[in-house]
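> Show me how the following folds:
(2 chains)
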Amino acid sequence: MAKPKKKSGREIFALGAEAVVEGALLAGCSFYAGYPITPSSEIMEGMASRLPGTSDGVFVQMEDEIASMGAVIGASLAGRKAMTATSGPGFSLMQEFIGYGCMIEAPLVIVNVMRGGPSTGLPTSPAQADVQQARWGTHGDHSVIVLSASDVQECLAMTVTAFNFAERYRTPVILLLDEITAHTREKITVPTPDSFEILYRLQPSMPPEWYKPFEETVRGVPPMPPLGAGYRYHVTGLTHDPLGFPTQRPDEIVALLERQFRKIDQFFFDIQLADEIETADAEIVVVAYGSVARSAQLAVAQAREKGVKAGLLKLKTLFPFPRTKLERLAPHCKILVVPEMNMGQMSREVKRVNTGQFAVRTINRVDGQIITPAEILKVLRRR
Amino acid sequence: MLRDVDLSGYQKITGKNVPRESMVASGHRACQGCVEVLAMGMVTRAVGKDCIVCNATGCMEIITSSFPQTAWKTPWIHVAFENAGAVASGIEAALTAMTRKGKRKGPLPTVLAFAGDGATADIGLQALSGALERGHKFIYVCLDNEAYMNTGVQRSSSTPFGATTTTSPAGKKSIGQSTRKKNLPAICAAHDIPYVATCSPAYHLDLMNKVRKAMAVDGPAYLHIYSVCPTGWGCKPEIGISLAKLAVETNVFPLYEVIGGRYNITKKVAKPKPVLDYLKVQRRFRHLAESDVAGIQKQVDDSWAYLNALAAAFPAPKEKGGAKEEE
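Predicted coordinates for the structure are as follows:
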């Protein structure tokens, strides 16, 4: 009995890390610079073997994570869709350049496969303890997009989304995976390139002499030609004016920073992604992300069988925090449960936006083990 | 720049007085046939008990300190990947200051830094350079297994030309590693430090005596140790030592020392073997064509000629106290 083959894509049996590679190539990534670190090395190895086979792909192994981010920023300015992948200690080394990327508004993607920390921590065990670092790791006020994925298929989809957000909003995008998602092998469908919307950065339509690289626009995102395309481009990490030159004028400083926040904040509706599973009438909702969301999904189904009106809000965008998704639960939901593999990082956000509608229960695990469905179910059944 | 180096405190090791105790205990978790851990053991034998070890992230850090055990009989610190040089600097500076102010007595323990080739040539080069420039009295040992073996055989800048690794995969569009091995001993010698040497665990007395010289000099010393990795190189675990010997006999990895800018080739090979002998026993080179091997042979010959020219131009003074003893 031959089943008709699906035309929508090819099926592969892949690691989460390999799905990231597939997603990046689908999204048009043509530049990868990185440095090996467990548990993200598989992404790098995948890129090393796949990128040279593409028409213009470039793979470079750099001497450390600092250099990796430097190369990615350079490639991004040169017009490439660029990415890097790392894990805990490497992500810490990248922080200065992430701030630089935010300041000069370079579209790029950083995948951080979270492992136990701090410091060397647990290199081969999962954790979700880099959540607040992803948002606030680099110094200074900055706006950044942080995404996450909970299974292998989602790794692919969210990598494409990460590139689209980076290009559309001219910003570094951080995709947070954890060791379990990156190292789980599952059957997934790699969609055909035309089944996704692939976005590219805005190109200037004005003549070079009128071009201002950091100009105020309606969307807050100035067009970005590649370096060397004939447009004068002065790039600096100093606070700069619309032409890109350093400034000390208070009005120009505030205009720059406000625009950099506004360009992301005003599109929160497009950026804040979350899956709502059985939340319509839920009285108790689990707010989860990453591999823990899969445990939560089973726990919610089991709780439903036992007659508990439970639901799951699976966060795909961690920052900007999807506050409206939570607020919409308020009429029927009284309790939020936040399971996560850290001492309580996303639950801080949940508590921050909670103005008394919800009781917030946390489940935290920092021993390098995943939170099991049974643990979540126990909390769901405790009324 | 040339400088005179005082080696008067050098205590030579001969076949008769080889130190017996290694500071790395057995029962660690190295792969079968690991030559790197063997080399590390030889270094600690020569140094003795009175030492403090700083270990960068790498195979040696992982295999000697897996929870809940340690293989180390000495004080040992692992900080991160990039900063063995910096950590050793801090330890040495603190001990020196405490001695100067009378807070501690007795001779300084030997400060040893162990790092792999990635932690030395790539991410840790800055910390190493800083430490050498500041002139701390410590020994930096680079255990060079020519790739990032701990994370699954990714290339480093110390990977030789033509080797296939997971991030320099050989295939239709790639020969494997496309750049030449970074010359770390030369970089360190360019810091004008008193002592730089290359060592091979196949020549154990030579290795241990170079460690003893490194201990004797006043200032930083750098040792580059060739460390066969059967897992990453794709060779049989039982040929580790003979492969290390072959690397010297083919001039792929010549043994020499630079004492205050003066060169001494410690193992002169009268009739070097063809480099093919060395390449063909390793799976990482098996994709190479004949022309590639000829290219590698030429690289090796050129490097060897360059080294000989340096040794002829700046010869080191003859060692006092008898000729070099063969084992």
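> Next to chain A, which bits of chain B? Give me the list.
Contact residues, chain B versus chain A (CB under 8 Å from any CB of the partner chain): B:57, B:78, B:80-82, B:121-123, B:125, B:148, B:150-152, B:154-155, B:157, B:166-169, B:171, B:173-174. All C-beta atoms are positioned from the backbone trio N, CA, C, and that covers glycine.
> what bits of the stretch 151-300 of chain A have low per-residue confidence?
For the stretch 151-300 of chain A, not a single residue meets the criterion pLDDT under 70.
> Which stretches in it count as strands?
For the stretch 151-300 of chain A, applying DSSP state E, counting those that start in this stretch gives strands covering A:172-178, A:185-191, A:274-277, A:284-288.
> circling back: now list the buried members of the residues of chain B next to chain A.
B:57, B:78, B:80-82, B:121-123, B:125, B:148, B:150-152, B:154-155, B:157, B:166-169, B:174 (16 or more other CB atoms under 10 Å in any protein chain shown).
> residues touching residue A:340, list them.
A:128, A:131, A:288-290, A:292, A:346-347, A:362-365, A:371 (CB atoms under 8 Å, 6 or more residues apart in numbering or on different chains).
> Take the strands of the stretch 151-300 of chain A and lay them out in TSV including distance to chain B.
Converted to TSV, these look like this (distance: least, CB to the nearest CB, whole Å):
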stretch	distance to chain B
strand A:172-178	17
strand A:185-191	16
strand A:274-277	33
strand A:284-288	29
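> Return the set of residues that bridge with the residue lying closest to residue A:189 once chain neighbours are set aside.
Excluding the flanking residues, the one nearest residue A:189 by CB to CB, 6 or more residues apart in numbering or on different chains is residue A:9, at 4.5 Å. Per DSSP bridges, the residues bridged to residue A:9 are residue A:191.
> tally of neighbours for residue A:9?
15 (other CB atoms under 10 Å in any protein chain shown).
> List the contacts of the residue lying closest to residue B:256 once chain neighbours are set aside.
In space, residue B:256 comes closest to residue B:265 once its chain neighbours are excluded; the distance is 4.6 Å by CB to CB, 6+ apart. Contacts were defined as CB under 8 Å, 6+ apart; by that measure residue B:265 touches B:254, B:255, B:256, B:307, B:308, B:311.
> So the third one is in contact with residue B:269, correct?
What that stands for is residue B:256. No - applying CB atoms under 8 Å, one finds residue B:256 not in contact with residue B:269, separated by 11.7 Å.
> Pick out whichever of those two has more residues nearby.
Set side by side, residue B:256 and residue B:269 show more neighbours around residue B:256, with 21 against 14, by other CB under 10 Å.
> Tell me how far that one lies from chain A.
Distance, residue B:256 to chain A, using CB to the nearest CB, to the nearest Å: 26 Å.
> Distance of that residue relative to residue A:16?
Per CB to CB, to the nearest Å, residue B:256 is found 47 Å from residue A:16.
> now residue A:250
Residue A:250 is 46 Å from residue A:16, by CB to CB.
> and of the contacts of residue A:340, the nearest to chain B?
residue A:365 (18.3 Å; CB to the nearest CB).
> Tell me who's in contact with the closest one.
Residue A:365 touches A:339, A:340, A:341, A:371, A:375, counting by CB under 8 Å, 6+ apart.
> Now residue A:46: closest residue in space that isn't a chain neighbour?
Nearest non-adjacent residue to residue A:46, counting by CB to CB, 6+ apart: residue A:21, 3.6 Å away.
> Can you tell me the element that neighbour falls in?
helix A:16-26 (DSSP states H and E).
> which residues of the stretch 51-200 of chain A fall in helices?
A:65-77, A:88-104, A:131-136, A:152-169, A:179-183 (DSSP state H, counting those that start in this stretch).
> helices or strands up against the third one?
With contacts defined as 3 or more CB pairs under 8 Å, 6 or more residues apart in numbering or on different chains; DSSP states H and E, helix A:131-136 has these neighbours: helix A:88-104, strand A:145-148, strand A:172-178, strand A:317-319.
> now for the ones you listed, which one comes closest to residue B:230?
helix A:88-104 (27.8 Å; CB to CB).
> What angle do helix A:65-77 and the closest one make with each other?
30 degrees (axes from the mean of the first three to the mean of the last three CA atoms, to 10 degrees).
> from the chain's centre, how far out does helix A:88-104 sit?
14 Å (CA atoms, centre = their mean, to the nearest Å).
> circling back: now the strands of the stretch 151-300 of chain A in CSV, with mean neighbour count?
Formatted as CSV, the strands of the stretch 151-300 of chain A follow (neighbours: other CB atoms under 10 Å in any protein chain shown):
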stretch, mean neighbour count
strand A:172-178, 29
strand A:185-191, 16
strand A:274-277, 17
strand A:284-288, 28
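> Out of those, flag the one nearest residue B:51.
strand A:172-178 (39.2 Å).
> Each with direction, which strands does the closest one pair with?
strand A:108-116 (parallel), strand A:145-148 (parallel).
> now these as JSON lines including mean neighbour count and mean pLDDT?
Shown next, in JSON lines, are the strands paired with strand A:172-178 (neighbours: other CB atoms under 10 Å in any protein chain shown; pLDDT from 0 to 100):
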{"stretch": "strand A:108-116", "mean neighbour count": "29", "mean pLDDT": "97"}
{"stretch": "strand A:145-148", "mean neighbour count": "27", "mean pLDDT": "98"}
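> neighbours around the residue nearest to residue B:22 when sequence neighbours are not counted, how many?
Take residue B:22 and drop its neighbours on the chain: the residue closest to it by CB to CB, 6+ apart is residue B:41, 4.0 Å away. For residue B:41, the count of nearby residues is 20 (other CB under 10 Å).
> In contact with residue B:41, which residues?
By CB under 8 Å, 6+ apart, the neighbours of residue B:41 are B:22, B:23, B:24.
> how about the strands in the stretch 101-250 of chain B?
B:110-116, B:139-144, B:195-199, B:221-226.
> Those: which one's closest to residue A:72?
strand B:110-116 (24.9 Å).
> what's that closest one packed up against?
helix B:35-47, strand B:51-55, helix B:59-64, helix B:84-100, strand B:139-144.
> Please repeat the previous calculation with a cut-off of 6 Å.
Where contact means 3 or more CB pairs under 6 Å, 6 or more residues apart in numbering or on different chains; DSSP states H and E, strand B:110-116 is packed against strand B:51-55, helix B:84-100, strand B:139-144.
> Mind exporting the C-alpha coordinates of it to PDB?
Only the C-alpha atoms of strand B:110-116 are listed here, as PDB (Å, rounded to 0.1, in the frame of the first residue of the first chain):
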ATOM      1  CA  THR B 110      55.900  26.000  40.400                       C
ATOM      2  CA  VAL B 111      52.900  27.600  38.700                       C
ATOM      3  CA  LEU B 112      51.800  25.300  35.900                       C
ATOM      4  CA  ALA B 113      49.200  26.200  33.300                       C
ATOM      5  CA  PHE B 114      47.900  23.400  31.100                       C
ATOM      6  CA  ALA B 115      45.800  24.200  28.000                       C
ATOM      7  CA  GLY B 116      44.900  22.500  24.800                       C
END
